[in-house]
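Engineer: following is a predicted model, sequence given first.
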Amino acid sequence: MNKLLFAAAAASTLMLAQAAPAQSKLKTAVFAGGCFWSIEKAFESAPGVTAAVSGYSGGFRPNPTYENHEGYLEAVRVTYDPAKTSYPKLVDYFFRNIDPTDPNGQICDKGPSYRTAIFAGNAEEKQVAEEAKARVQKLLNVPVATQVRNSAPFHIAEAYHQDFAKKNPARYEAYRIGCGRDRALKVVWGGR
């Protein structure tokens, strides 16, 4: 009987050990796609994504805030399970949720902090992002303004920006519709 209990305990320990590394194998990627509310909302429903957090990246001054993030891009840090999705799929998903041809921002949000970028964490991610950018440019047959940058520190935005579309659905929908986001993306991507 002791052998049976030992075997059960060993099997239970093995299952826990296998489950724990799966959680620790989550990866992150950072994308700037205009207003972080829209990109956060888009990535929250992407297959394999476990979290999307709004913030600021690409700047140099310490402690950016919404009122003072000059030099930063509004960005989203995406946490994903590489067993369920891949970095290349996330990059493609990102492109499909922005207007990559706009050098001045996104849809109705204009200005330097609303420009688009992919913050590559290493040389492999940079190559994936550059190749995706080239495919998008060929597909759309116009220059792509989205930058591929090296990773930079990511600063989490204020709590009232997190999950904005979930916490404030009426305000977010009014913003999205008023901005013409769906219509603009349909013009860019059409049936492609």
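Structural biologist: On my side now, so go ahead.
Engineer: pLDDT below threshold where in the protein?
Structural biologist: Along the chain, the model assigns pLDDT under 70 to residues 1-24.
Engineer: one more time with 50, if that's ok
Structural biologist: Residue ranges of the chain with pLDDT under 50: 1-21.
Engineer: let me see the ranges of the strands in it.
Structural biologist: Taking DSSP state E as the test, the strands found in the chain are 27-33, 49-57, 73-80, 105-106, 109-110, 116-120, 147-150, 154-156.
Engineer: out of those, nearest to Q127?
Structural biologist: strand 116-120 (8.2 Å; CB to CB). Yep, even glycine has a C-beta here, placed from its N, CA and C like the rest.
Engineer: in CSV: the strands of the chain, plus distance to A132 and mean neighbour count.
Structural biologist: Below are the strands of the chain laid out as CSV (distance: least, CB to CB, whole Å; neighbours: other CB atoms under 10 Å):
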stretch, distance to A132, mean neighbour count
strand 27-33, 12, 23
strand 49-57, 17, 21
strand 73-80, 15, 24
strand 105-106, 18, 22
strand 109-110, 23, 16
strand 116-120, 8, 24
strand 147-150, 9, 16
strand 154-156, 21, 16
